[in-house]
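Undergrad: what follows is a predicted protein model with its sequence.
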Amino acid sequence: MIFNHELTRMDTNKILLKQEVFEIVGCALEVLNGLGCGDTKTVDHITDIDRAKMINYLNLTGLRVGLILNFEKPKLEWERIVV
């Protein structure tokens with residue numbers, strides 16, 4: 001399992017779906033800038049419970065990469081989860 005803060009330690013050529021994640025986060029930033037914070041379902045901060053749910057979703061679907069996006073604050077909070 002890899003979190004976004006651990007990406008700096010990895011060889012960037014081995015990052016799964018790097019471009020897709022970059023584009024999705026870019027779209028999320030556009031939404032945040034356009035609508036402002038707190039328009040969607042938000043949480044105070046991303047927790048271990050949110051991470052565990054994402055890992056379960058990935059395992060159930062057979063997908064390898066997931067993103068958790070939180071629009072609670074003016075600065076987008078996001079985490080990339082890899083299983």
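TA: Looks like it arrived, so ask away. Small disclaimer: the values here were computed from a predicted structure and weren't measured.
Undergrad: can you name the residues bridging to the closest residue to Leu17 other than its chain neighbours?
TA: Spatially, and ignoring its direct neighbours in sequence, Leu17 is nearest to Val65 (4.7 Å; C-beta to C-beta, 6 or more residues apart in numbering). The C-beta positions use only the backbone N, C-alpha and C, and glycine is treated the same way. With DSSP bridges as the criterion, Val65 is bridged to Val82.
Undergrad: so what's Val65 up against?
TA: 16-17, 20-21, 58, 80-82 (C-beta atoms under 8 Å, 6 or more residues apart in numbering).
Undergrad: give the buried subset of the residues you listed as a PyMOL selection command.
TA: In PyMOL syntax, the buried subset of the contacts of Val65 is picked out as below (16 or more other C-beta atoms under 10 Å):
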select buried, resi 17+21+58+80+81+82
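Undergrad: let's have the contacts of Val65 in CSV, adding secondary structure and distance to Thr42.
TA: Shown next, in CSV, are the contacts of Val65 (DSSP: H, G, I helix; E, B strand; the rest coil; distance: C-beta to C-beta, whole Å):
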residue, secondary structure, distance to Thr42
Leu16, coil, 27
Leu17, coil, 24
Glu20, helix, 23
Val21, helix, 20
Leu58, helix, 22
Arg80, strand, 19
Ile81, strand, 18
Val82, strand, 24
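Undergrad: which one among the contacts of Val65 gets closest to Gly34?
TA: Lowest distance from Gly34 to the contacts of Val65 (C-beta to C-beta) belongs to Val21, with 20.4 Å.
Undergrad: which residue sits closest to the closest one, ignoring its sequence neighbours?
TA: Using C-beta to C-beta, 6+ apart, the closest residue to Val21 is Arg80 (5.6 Å).
Undergrad: now stretch 34-54: buried residues?
TA: Buried-residue list, stretch 34-54, by 16+ other C-beta under 10 Å: 46, 51, 54.
Undergrad: how much space between the residue nearest to Val21 and Lys18?
TA: Counting by C-beta to C-beta, to the nearest Å, the gap from Arg80 to Lys18 is 9 Å.
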